[in-house]
Structures are given as structure tokens and as C-alpha cells.
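Have a look; sequence and predicted model below, questions after that.
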Amino acid sequence: MKRFLEHPFFLILLRFFLGLVFIFASWDKILHPAQFAQAVYNYKILPGPAVNLFALILPWIELIAGLFMILGIYIRGSALVIAFLLFVFVIAAVISVSRNLDISCGCFDTAGGRKVGVKLIMEDSALLLASIWMLIKEKGSRR
Amino acid sequence: MNTPTVSSPLKIVYQSLAIVILAGLLGISSNLIRRDSIPFIPPKTDFVKEEKKSNTITLAEAKERFDNGTGFFVDARSGEDFQKGHILNAYSLPEEVFNERIDEAKIAFPDSEEFAIIVYCGGEECDASTKLAEQLRQSGYTNVMVFFGGWDEWVKAGYPVEGPS
């Protein structure tokens, strides 16, 4: 199992998977900043004045980290960014669930869609583990 | 000479900072040039507060309209929550399936000046009702109100409900 998980081909697959997930996640948010800002606001974690800036920049971080991941630029830097984002997402989801908030997660689709819940926390945690694994096992830039 | 290309932890941090800075520049500059841009720092009145000013009703008002039949209650929560219990005679229109269900809904409760469409969800902490109200307005309803207290307040007050309990 360990040999499989450390196999270069598996790492490439993982890289492309994580990269694609983040590119997809960024797209709708970049297209609809106002809706995404509303989704961020609904979490009621960030102070009001900070919501819009966060909502404007976060999707671009996702896009660039995802693109770099796939193109093989700054792989470990991208993996660190992605791991950090997922860590933040997990914390935000845990807080929302513990507060019993009934809100859309704003993950892939800014127009409603998925709700924040335990399933989301588990998925994000799995992605978080994958990105940490990349961070440890990747040897550096491909270029 | 094949030196291993293991990057130092510090280098990784620099890389990630570069990504964040690049993203920041792109995010801010794209917002400056696009037509549907949003203010960098939002004005004090937020979505919910604006909603609160105009078209919301309190528990007492909701009950009054319930009693004299001038309100049509629409439940914005999931079908599952609706099954577990809802305001008596409420109509289930989960916010996330709005587009698929709006045609049925228009037949079930046409827009009317006499009847207010009263939208509710779980309680103060949910956003489904405001979203649904907005969607209803966009699809032509003029008389839509949000009952913020929602299911929680209604149940606490001991008002009529239906569904297994």
C-alpha cells in the first residue's frame, strides 16, 4: 500500500486530481463574485468589512494553485496553499455545523447547491490529507 | 552531478506566498475592470439587514395572517425537514430545487395582492428563506415576505403544525 501511495504515477494522478478540483472550484466564484461574497457572509465567521476582499481573492488563489499543480510549477508551494485552504475550509465547516447553520457551502456552485454538513467536512478532510501527502512526497518543481 | 531537487521548507513558503500575492493582484485588478464588480469593502447595510427593513414579518404578524387567511406559507427548507414537520398547510419549495419546482409552485400559489407569500426556513440562523424570497421576486412575485423567526419560533409558540412529531 505504501509503495503504491509513493509511486510516482500515483503522485502525478493525485496532482492532477487536486489541481482539477481547485480549478473547478474557482470558476463559478470568479464568475459570480457577489454571490460568492454572500456565501462567505453567510458563514458569519469573517468580520463584515473583510468579506468582499476575501471573496474576491480566494477564488484566484484556488485557480492559480490548481493550475500550478497541474502545470508542475511550484508544486510544493501550491500543495501548501491548497492544504492551508482545505484546513480553513474544514474549520469553517466544523464551526458552521456546530452552530447549526443551515447554509450553502459555496464550494463549487455559488447559486445555492450543496449544504454545509458532515459529508462536506469528511470530503474536505480527505482532500486535506491528500494535499499534505503531496507536500511530503513531492520532490519539488517539475520545471 | 545529480543533486536532489529537494526544496527547503522556506522555499515552499516563499512559493506559496508568491501564489497568494499573484492571486491578490489578479483578484483585485479583475474586480477593478469588470462590469459586475463588487465594492472592496461592503457598505454597512448587508443583505439580511436590508431584507429586514422592507419585507419581513414577525411571529405575531405571521400568526395573524395565518389566522385570517391572508398569508400563504412557503417552506424553504429541504424536503426532508418539511416531512419531519412544518407550519400547517405550508407549501414545500426547497430553495435548492427552486428552478425545477417553480412552475408547479406558480400554479399552487399565484401572485396575488391579497395573499402574501410568507417564506420561512429553520429560524434566525438560516439563509434559505431570504434566498427563496429573492428568487420568487425575480420570477414575478410581488407580495413576498420573509418570516425570520421561522420554524423554530413557530414551534416554540405552540402554533399549528403538521407532520410526524
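Alright, I've got the coordinates.

Pick out the residue of chain B closest to chain A.
The nearest approach of chain B to chain A comes at residue B:15, 2.3 Å away (CB to the nearest CB). To be clear about C-beta, it is placed using only N, CA and C from the backbone, and glycine gets the same treatment.

Double-check that residue against residue A:78; I have them as touching.
Yes. Using CB atoms under 8 Å, residue B:15 is in contact with residue A:78, at 7.4 Å.

More neighbours: these two, which one.
For residue B:15 and residue A:78, the more surrounded residue by other CB atoms under 10 Å in any protein chain shown is residue A:78, and the numbers stand at 33 against 23.

Could I get the pLDDT score of the more buried one?
Listed pLDDT for residue A:78 reads 95.

try residue A:112
Model confidence at residue A:112, given as pLDDT, is 63.

now residue A:100
We have a pLDDT of 79 for residue A:100.

Could you pull up phi and psi at it?
In terms of degrees, to the nearest 10, the main-chain angles of residue A:100 are phi 60, psi 30.

number of nearby residues for it?
10.

what's the distance between it and residue B:136?
25 Å (CB to CB, to the nearest Å).

Please report the number of neighbouring residues for residue A:68.
24.

sec struct for it, please.
Put simply, residue A:68 is helix when judged by DSSP: H, G, I helix; E, B strand; the rest coil.

Residue A:109 now?
Going by three-state DSSP: residue A:109 is coil.

What strand or helix carries the closest residue to it other than its chain neighbours?
With CB to CB, 6 or more residues apart in numbering or on different chains as the criterion, residue A:109 has its nearest non-adjacent residue at 5.7 Å, and that residue is residue A:28. Secondary structure assignment for residue A:28, by DSSP states H and E: helix A:8-31.

buried residues in that helix?
Neighbour-count burial for helix A:8-31, with 16 or more other CB atoms under 10 Å in any protein chain shown as criterion, is recorded at A:11, A:14-15, A:18-19, A:21-23, A:25-30.

what does stretch B:142-157 give?
The neighbour-count check on stretch B:142-157 (16+ other CB under 10 Å) flags B:143, B:144, B:145, B:146, B:147, B:148, B:149, B:150, B:151, B:153, B:154, B:155 as buried.

can you redo these as CSV with secondary structure, pLDDT and distance to residue A:133?
Formatted as CSV, the buried residues of stretch B:142-157 follow (DSSP: H, G, I helix; E, B strand; the rest coil; pLDDT from 0 to 100; distance: CB to CB, whole Å):
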residue, secondary structure, pLDDT, distance to residue A:133
B:143, coil, 89, 55
B:144, strand, 92, 49
B:145, strand, 92, 51
B:146, strand, 92, 45
B:147, strand, 92, 48
B:148, coil, 88, 45
B:149, coil, 90, 47
B:150, helix, 93, 43
B:151, helix, 93, 43
B:153, helix, 92, 47
B:154, helix, 94, 48
B:155, helix, 92, 46
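
Can you lay out those as JSON lines showing distance to residue A:55?
Output for the buried residues of stretch B:142-157, formatted as JSON lines (distance: CB to CB, whole Å):
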{"residue": "B:143", "distance to residue A:55": "32"}
{"residue": "B:144", "distance to residue A:55": "26"}
{"residue": "B:145", "distance to residue A:55": "28"}
{"residue": "B:146", "distance to residue A:55": "23"}
{"residue": "B:147", "distance to residue A:55": "28"}
{"residue": "B:148", "distance to residue A:55": "24"}
{"residue": "B:149", "distance to residue A:55": "29"}
{"residue": "B:150", "distance to residue A:55": "26"}
{"residue": "B:151", "distance to residue A:55": "29"}
{"residue": "B:153", "distance to residue A:55": "31"}
{"residue": "B:154", "distance to residue A:55": "33"}
{"residue": "B:155", "distance to residue A:55": "34"}
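
Just give me the closest of the buried residues of helix A:8-31 to residue B:79.
residue A:28 (24.5 Å; CB to CB).

The residue of chain A found nearest chain B - how many residues pack around it?
Residue nearest to chain B within chain A (CB to the nearest CB): residue A:77, separated by 2.3 Å. Per other CB under 10 Å, the neighbour tally for residue A:77 reads 26.

Count the neighbours of residue A:135 for me.
Using other CB under 10 Å, residue A:135 has 17 neighbouring residues.

Hmm, I typed the wrong one, I wanted residue B:80.
Per other CB under 10 Å, the neighbour tally for residue B:80 reads 8.
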